[in-house]
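Enquirer: Sequence and predicted structure below; questions after.
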Amino acid sequence: PLPLRTELVEDLPALEALAPAWRALLGRDRFFVGPDWVLLRFRHAPSGQRPFAVVVRDAAGTLVGLLPLARRGRRVTVCGAGAGADHVDVVAHPDEAPAVAEAVLDALVASRTRVHLEHLAEDGALRYAIRARRWRRLPYGEVAATVAPYVEAKRTFDAYLGKFRAKQRGNLRRQARAFRADPAAAIRRVTDPADVPAGIDALLALHAKRFEGREGSTSFAGEEVRRFHRELATVLCRRGDLALTFLTVDGRDVAVH
């Protein structure tokens, strides 16, 4: 095993200084534990919340992994868990992730904080390490809300349809043809950063409608959370990393991805 040492970083400027090495470890995967999400989220953090990152280095002092969390008082949670964070795991090279996850858990226990982990990646090193130890010292449980499952995205619509039965495939193809043939229907893509805030507001409005008449509430409640997502989406759009697509009928937004 790697000789690893850990430190706790609870200062935003210190966490910002790690961003280049952090981003290099992350690649383009695990967005919700990357610096783009985490650092901006802390700039919009609820009152009293501050960073609580477990940073893992090798014997030479090189960053080999980290887990960004959030702290309020003595309680530590996933950063942005109430604002949409998902598929949370340690940031590390895949070969080193198991050792990094073990080091992170040791540091969390030693910190004597109340740790609540949720929205963990189903196939992540952190979830595996927790389950392998069968610890009861971390307030973590395998319930639906704590694990983020996934499905593999297919490259084409026909490949996606392949997982359905013949009757379902036929129905979906007919519905898709009907939409394309409807003169009132259109697809709209947001590509101008100036249009992003209005696009995000429309997305959030449609998302909120899913909860009308149902128990529970949307993760996007509150103006501060909305401001965060508008700014984040604008940053991503300027960089060419945002795909915001609407289906419209008679000029009215009916679906958004």
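Expert: Cool, the structure landed. Numbers count the residues shown, from 1 in each chain.
Enquirer: what about the helices in the stretch 51-200 of the chain?
Expert: Ranges of helices in the stretch 51-200 of the chain, per DSSP state H, counting those that start in this stretch, are 97-110, 125-133, 157-161, 166-181, 196-209.
Enquirer: any idea how far the second one is from the chain center?
Expert: Here helix 125-133 shows a centroid-to-chain-centroid distance of 19 Å under the convention CA atoms, centre = their mean, to the nearest Å.
Enquirer: Show me what that helix is in contact with.
Expert: Helix 125-133 has contacts (CB atoms under 8 Å, 6 or more residues apart in numbering) with 67, 88-90, 92, 97-98, 100-102, 104-105, 117, 120-121, 138, 140, 142, 147. (Glycine included, C-beta is placed from N, CA and C.)
Enquirer: one more time with 7 Å
Expert: Outside of helix 125-133, the residues within contact range by CB atoms under 7 Å, 6 or more residues apart in numbering are 67, 89-90, 97-98, 101-102, 104-105, 120-121, 138, 140.
Enquirer: Stretch 167-187 now?
Expert: Contacts of stretch 167-187 (CB under 7 Å, 6+ apart): 161, 164, 245, 247, 248, 249, 250.
Enquirer: Narrow the residues you listed to those in helices?
Expert: residue 161 (DSSP state H).
Enquirer: hang on, the earlier thing: TSV please, covering the contacts of helix 125-133 and showing pLDDT and neighbour count.
Expert: Formatted as TSV, the contacts of helix 125-133 follow (pLDDT from 0 to 100; neighbours: other CB atoms under 10 Å):
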residue	pLDDT	neighbour count
67	95	27
89	92	23
90	94	29
97	94	21
98	94	18
101	95	24
102	94	20
104	94	26
105	92	23
120	86	21
121	87	22
138	68	15
140	62	18
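Enquirer: one step back: any chance of the contacts of stretch 167-187 in a markdown table, plus neighbour count?
Expert: Output for these, formatted as a markdown table (neighbours: other CB atoms under 10 Å):
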| residue | neighbour count |
| --- | --- |
| 161 | 16 |
| 164 | 12 |
| 245 | 12 |
| 247 | 15 |
| 248 | 15 |
| 249 | 13 |
| 250 | 10 |
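Enquirer: Looking at the contacts of stretch 167-187, which two lie furthest apart in space?
Expert: Greatest spatial distance among these (CB to CB): 164 and 250, at 29.3 Å.
Enquirer: which parts of the helix or strand that residue 253 is a member of are buried?
Expert: Element membership for residue 253 (DSSP states H and E) is strand 252-256. Neighbour-count burial for strand 252-256, counted by 16 or more other CB atoms under 10 Å, picks out residue 256.
Enquirer: on contacts alone, who are the packing partners of it?
Expert: Packing partners of strand 252-256 (3 or more CB pairs under 7 Å, 6 or more residues apart in numbering; DSSP states H and E): helix 196-209, strand 244-249.
Enquirer: Make TSV out of these and add mean pLDDT.
Expert: Putting those into TSV (pLDDT from 0 to 100) gives the following:
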stretch	mean pLDDT
helix 196-209	91
strand 244-249	94
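Enquirer: Same list (those) but as a markdown table, adding distance to residue 168.
Expert: A markdown table is the format used below for those (distance: least, CB to CB, whole Å):
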| stretch | distance to residue 168 |
| --- | --- |
| helix 196-209 | 24 |
| strand 244-249 | 20 |
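Enquirer: To residue 39, which of these lies closest?
Expert: Shortest distance between residue 39 and those, using CB to CB, is found for helix 196-209: 18.9 Å.
Enquirer: What is the burial count for residue 234?
Expert: Residue 234 is flanked by 18 other residues according to other CB atoms under 10 Å.
Enquirer: Which residues are in contact with it?
Expert: Contacts of residue 234 by CB under 7 Å, 6+ apart are 193, 196, 197.
Enquirer: Tell me which helix or strand it sits in.
Expert: Under the criterion of DSSP H and E, residue 234 resides in helix 223-238.
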